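Peer 1: Compute the structure for the input listed below.
(2 chains)
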Number of protein chains: 2
Amino acid sequence: MTHPSVIRPRNHAVYTPAKMGKATLFESARLLVGLNGFEPGQEHALHAHAGQDKAYLVVEGSGQFLLEGRELPMQAGDLLVAPEGVPHGVRNTGNSRLLVLAVLAPGPAHG
Amino acid sequence: MTHPSVIRPRNHAVYTPAKMGKATLFESARLLVGLNGFEPGQEHALHAHAGQDKAYLVVEGSGQFLLEGRELPMQAGDLLVAPEGVPHGVRNTGNSRLLVLAVLAPGPAHG
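Peer 2: Here you go, the predicted model:
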């Protein structure tokens, strides 16, 4: 993908029958911008990133943000930030596909 | 703002008559997540960030992404990544408010 250019995230969504689908839209040492695609019933279990902040933006569909001991209903347009070390996850509890933009800083290849 | 929690970006939008309005949703040394609000006709002129990658996600409205020598039409749902050092900007060419989520990594307080 060439940057900068105008990207329509849903055109790049990946869904797989077995588990959450992943697509990378941009990656540097500073920033990863990706997509997580969830078929109904799929989830990304609670996990944490040491030294990396994560931001989720719901592109389409609805479901839950998973936090330690909490499940927060979410829908298209909603944003959640999980600062470094804070456990987080996503579950598609709806009847349609759930697409979430995921931002991670720094990127996985940092220092 | 407490993190993590579910945030509806448009509930935090700031618009000002004189120029682009700014709101900060999250800030760390690694990541800044903010909102840029544009009344019709307002713009954020071409600028660049040395050592920081920028991602824009259009929340509502329509307009143009400004790049060096180019103006790219954009609308709600569109994403653009300006890698570090690449000039970029935003112009509201529509008749309604334009709200853009802006992500900067690392954050302004890094290093």
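Peer 1: quick one, what contacts A:Gly89?
Peer 2: Counting by Cβ atoms under 8 Å, 6 or more residues apart in numbering or on different chains, A:Gly89 touches A:43-47, A:65-67. All C-beta atoms are positioned from the backbone trio N, CA, C, and that covers glycine.
Peer 1: For chain A, which segments count as strands?
Peer 2: With DSSP state E as the criterion, chain A has strands at A:21-27, A:32-38, A:43-47, A:53-60, A:62-67, A:70-75, A:79-82, A:88-91, A:98-105.
Peer 1: So A:Gly94 sits against A:Gly61, correct?
Peer 2: Yes: in this structure A:Gly94 lies within contact range of A:Gly61 using Cβ atoms under 8 Å: 5.5 Å.
Peer 1: mind checking how far A:Val58 is from B:Leu57?
Peer 2: In this view, A:Val58 and B:Leu57 are 11 Å apart by Cβ to Cβ, to the nearest Å.
Peer 1: Tell me which of the two has more neighbours.
Peer 2: B:Leu57 (24 against 21; other Cβ atoms under 10 Å in any protein chain shown).
Peer 1: Report pLDDT for A:Leu31.
Peer 2: Looking at A:Leu31, its pLDDT stands at 98.
Peer 1: Then A:Gly111?
Peer 2: pLDDT, the model's per-residue confidence, is 53 for A:Gly111.
Peer 1: what's the closest non-adjacent residue to A:Leu35?
Peer 2: Beyond its immediate neighbours in the sequence, the residue positioned closest to A:Leu35 (Cβ to Cβ, 6 or more residues apart in numbering or on different chains) is A:Ala23, lying 4.4 Å away.
Peer 1: Would you check that the one you found makes contact with A:Gly37?
Peer 2: Yes: judged on Cβ under 8 Å, A:Ala23 makes contact with A:Gly37 at a distance of 7.4 Å.
Peer 1: and A:Gly34, how many neighbours?
Peer 2: Applying other Cβ under 10 Å, we find 19 residues neighbouring A:Gly34.
Peer 1: same check, this time on A:Met20
Peer 2: Taking other Cβ under 10 Å as the criterion, the count of residues near A:Met20 is 21.
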